[in-house]
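Visitor: The following block contains a protein sequence and its predicted model.
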Amino acid sequence: IHLEEWDEAAISIDAARKAMDSRFTALLAESYKRAYPSMVAAQTLSELEEIVSFRQFELRAKHRLHTTGPLETKKARQHLTDVWRKRLDGCRVDAEVHSEILAVRSLVLGPADEVDATITLSALSRQAEAYQLAERTLLDPLTQMKVSLNSPIFGVGTPSDLRVGLIINPGESADSLVNKDVVRIRSGPVYEQYCQHLFTEAGGEETLFVQHKLYFAYIKHLWATERRDEAMTRLSLLCNIVDLTTHYGDATLSNELRIKCWLRYGDWKLALNPPGSDLPENLATDVLVSYKRATDVAVSDNYRAFHSWALINFRLAEQLNDKDRGMSPTKTSSMIQHHVIAAVKAFVRAISVGTKRWSASVQQDLLNLLSCLFKYGELDDVSRTINEGLESIEIEAWLGVLPQLLARIHIKSPSVRSVLHPLLVRLGTKHPQAMMYPLSVLLKSPVTDRKVAAESLMNSLKAHSNALIEESLMVSSELIRVAILWLESWHEGLEDASRL
């Protein structure tokens, strides 16, 4: 195929297919698992035929032997790439299988064409403990594009007088980072000119984006192979460069990568802290900066960014609440309030954009949001912030935490009740059947406050579901009447009378 000897290539493909016929048939009769490598080989032979057809089409277009032009060739190439991508998604998740398939496709595809498949192959090789293969899989495409790991496009060797990065005042506290927009990148004509220089050096904005993706995957490989100091250093430089190129380039192209970089940097910073210990002030500031950059207003639908931002603020609020740092009670309360409000806003945003993929994590966010309400609801503006955010959360999301809501139905705090009771009323209006059994149990609670609160909520539900409530209460009382014997009732009555 390299020599463009198409007839010889077709004969060789047919010969290889005939040679594996008898063995393939025998293996398939034994089991699908044993025959799978032969199936992959048969598939690669078919792809070789597709490559021959495409290369012939490409040559005809190049020598103007056909009416096709560069546009048609590009479309044919894109169609072939899409077909191959879907085909690879259906293959077994195995490093050896992916390696064989990508090796054949390299006859047509360049290093920048299937970067996601290359990164997947590297991850699979690392899972199989083939660390050298995983590293070489990422570095070979960069080498083919003539890019060094210490190139300025990755933030290494940037002119010192340029000071690419974020503007953060040295004395900025974690409290200020939560409440003010003090984290922003350096901008100006000099930075725009330098960004255009990076685009030119990389060979275009799309090529630079591909190189950044491969480099980011290489950094994750360094971390996975216990080269953590180098990984942290390289990632911190890459975060600043990706911020710069996103600001002056096509934001839709690299926004996702920018978020991943900042999230990973914050996660790794937290991983360096001993488990179970408090976060030092400087480490908390670094993590807050990372997650705040990931929750940039330019990107509004990234679940993990808001989830991480909410968790770090909730953790810092809990840390401040549990440990006295020698500050005045007023200042400590103010800092806790700021962190809780930031956590509440982020939890609400994360829950509202969470999808089925993150269902377990969204459930955790709901429970943490309730913890903020029950524990810090009396702080200024916390309950108001939660009430404002409830409108953006689908009412069905609360069905999973209904037992936790009803367990606090008797709470006396006015600010907490102002959130809890209207929420339960809304939930009962939309899904009254979900409320009937737990409320009928609460109506017989020995705790007076809980019983009164349950009666109040039940009365509000009677306005629109009176028949359902009457039938539910009748079923509940009949079940109790059937379950409790007369002898048990007499015995319980005598015991109650003896205590008078």
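Guide: Yep, it's here. Numbers count the residues shown, from 1 in each chain.
Visitor: helices and strands of the protein: which one bottoms out on pLDDT?
Guide: Every helix and strand of the chain was ranked by mean pLDDT, DSSP states H and E. The lowest is strand 166-167, at a mean of 58.
Visitor: mind checking the SS state of R92?
Guide: When classified by DSSP: H, G, I helix; E, B strand; the rest coil, R92 comes out as coil.
Visitor: how close does it sit to L3?
Guide: 33 Å (Cβ to Cβ, to the nearest Å). For the C-beta atoms, the positions are set from N, CA and C on the backbone; glycine is no exception.
Visitor: So between those two, which is more surrounded?
Guide: Between R92 and L3, counted using other Cβ atoms under 10 Å, the more crowded position is R92 (12 against 7).
Visitor: Just to check, A10 is in contact with L48?
Guide: No - using Cβ atoms under 8 Å, A10 makes no contact with L48, being 9.3 Å away.
Visitor: who's more crowded, these two?
Guide: Set A10 next to L48 and count neighbours by other Cβ under 10 Å: L48 wins out with 19 against 13.
Visitor: what's downstream of whichever strand or helix holds the more buried one, the next helix or strand?
Guide: Element membership for L48, per DSSP states H and E: helix 32-62. Moving toward the C-terminus from helix 32-62, the next helix or strand (DSSP H and E) is helix 70-89.
Visitor: buried sites along that following helix?
Guide: For helix 70-89, burial by neighbour count (16 or more other Cβ atoms under 10 Å) applies to 73, 76-77, 80, 84, 88.
Visitor: the inter-axis angle of it versus helix 32-62?
Guide: 170 degrees (axes from the mean of the first three to the mean of the last three Cα atoms, to 10 degrees).
Visitor: export helix 70-89 as PDB, just CAs?
Guide: Coordinates of the C-alpha atoms in helix 70-89 are reproduced here as PDB (Å, rounded to 0.1, in the frame of the first residue of the first chain):
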ATOM      1  CA  PRO A  70     -10.200  18.600  -2.700                       C
ATOM      2  CA  LEU A  71     -13.600  19.200  -1.000                       C
ATOM      3  CA  GLU A  72     -14.900  15.800  -2.000                       C
ATOM      4  CA  THR A  73     -11.600  14.100  -0.900                       C
ATOM      5  CA  LYS A  74     -12.000  15.800   2.500                       C
ATOM      6  CA  LYS A  75     -15.600  14.700   2.800                       C
ATOM      7  CA  ALA A  76     -14.600  11.100   2.000                       C
ATOM      8  CA  ARG A  77     -11.800  11.200   4.500                       C
ATOM      9  CA  GLN A  78     -14.200  12.500   7.200                       C
ATOM     10  CA  HIS A  79     -16.800   9.900   6.400                       C
ATOM     11  CA  LEU A  80     -14.200   7.100   6.600                       C
ATOM     12  CA  THR A  81     -12.900   8.500  10.000                       C
ATOM     13  CA  ASP A  82     -16.500   8.700  11.400                       C
ATOM     14  CA  VAL A  83     -17.200   5.100  10.400                       C
ATOM     15  CA  TRP A  84     -13.900   3.900  11.900                       C
ATOM     16  CA  ARG A  85     -14.600   5.800  15.100                       C
ATOM     17  CA  LYS A  86     -18.000   4.200  15.600                       C
ATOM     18  CA  ARG A  87     -16.500   0.800  14.700                       C
ATOM     19  CA  LEU A  88     -13.800   1.200  17.400                       C
ATOM     20  CA  ASP A  89     -16.400   2.100  20.000                       C
END
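Visitor: got a list of contacts for the helix or strand that contains R426?
Guide: Element membership for R426, per DSSP H and E: helix 414-430. Contact with helix 414-430 is made by 373-374, 377-378, 382-383, 386-387, 390, 395-396, 398-399, 402, 405-406, 408-409, 411, 434-435, 453, 456-457, 460-461, 464-465, as judged by Cβ atoms under 8 Å, 6 or more residues apart in numbering.
Visitor: Filter those residues down to the buried ones, ChimeraX style.
Guide: Buried subset of those, written as a ChimeraX selection, criterion 16+ other Cβ under 10 Å:
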select :373,374,377,382,383,386,390,398,405,406,408,409,411,435,453,457,461,465
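Visitor: so of the contacts of helix 414-430, which ones are in helices?
Guide: Using DSSP state H, the subset of the contacts of helix 414-430 located in helices is 373-374, 382-383, 386-387, 390, 402, 405-406, 434-435, 453, 456-457, 460-461, 464-465.
Visitor: Helix, strand, or coil at E8?
Guide: Per three-state DSSP, E8 ends up helix.
Visitor: in the stretch 401-500 of the chain, what spans have low per-residue confidence?
Guide: The stretch 401-500 of the chain contains no residues with pLDDT under 70.
Visitor: And the strands in this structure?
Guide: With DSSP state E as the criterion, the chain has strands at 166-167, 184-185.
Visitor: Low-confidence ranges, this protein, go.
Guide: 64-70, 161, 163-177, 179-186, 297-300, 324-331, 355-358.
Visitor: If we ignore the residues flanking it in sequence, what's nearest the spatially most central residue of the chain?
Guide: By Cα atoms, centre = their mean, the chain has its centre lying nearest to R304, at 3.8 Å. In space, R304 comes closest to L263 once its chain neighbours are excluded; the distance is 6.0 Å by Cβ to Cβ, 6 or more residues apart in numbering.
Visitor: What of D380?
Guide: In space, D380 is closest to Q337, 6.1 Å off (Cβ to Cβ, 6+ apart).
Visitor: Kindly report the same for D278.
Guide: Counting by Cβ to Cβ, 6+ apart, the residue nearest D278 is Q319, at 5.4 Å.
Visitor: tally of neighbours for the one you found?
Guide: Considering only other Cβ under 10 Å, Q319 is surrounded by 16 other residues.
Visitor: Surely it touches L279?
Guide: Yes - with contacts defined as Cβ under 8 Å, Q319 counts as touching L279 at a distance of 6.6 Å.
Visitor: what angle do the helix holding R426 and helix 382-390 make?
Guide: 20 degrees.
Visitor: Relative to L316, how far out is E281?
Guide: On the measure of Cβ to Cβ, E281 and L316 end up 10 Å apart.
Visitor: More neighbours: these two, which one.
Guide: L316 (25 against 11).
Visitor: Go ahead and confirm the more buried one touches V287.
Guide: No - with contact defined as Cβ under 8 Å, L316 does not reach V287; the gap is 9.1 Å.
Visitor: what sits in contact with each of these two?
Guide: L279.
Visitor: Okay, I259 and L494: tell me how far apart.
Guide: 68 Å.
Visitor: For the two, work out which one has more neighbours and name it.
Guide: Neighbour count, other Cβ under 10 Å: between I259 and L494, I259 has more, with 21 against 9.
Visitor: pretty sure the more buried one is touching A305, no?
Guide: Yes - between I259 and A305 there is a contact at 5.5 Å, judged by Cβ under 8 Å.
Visitor: residues contacting the nearest residue to E58 once chain neighbours are set aside?
Guide: Excluding the flanking residues, the one nearest E58 by Cβ to Cβ, 6+ apart is T73, at 5.7 Å. For T73, the contact set (Cβ under 8 Å, 6+ apart) comprises 57-58, 61.
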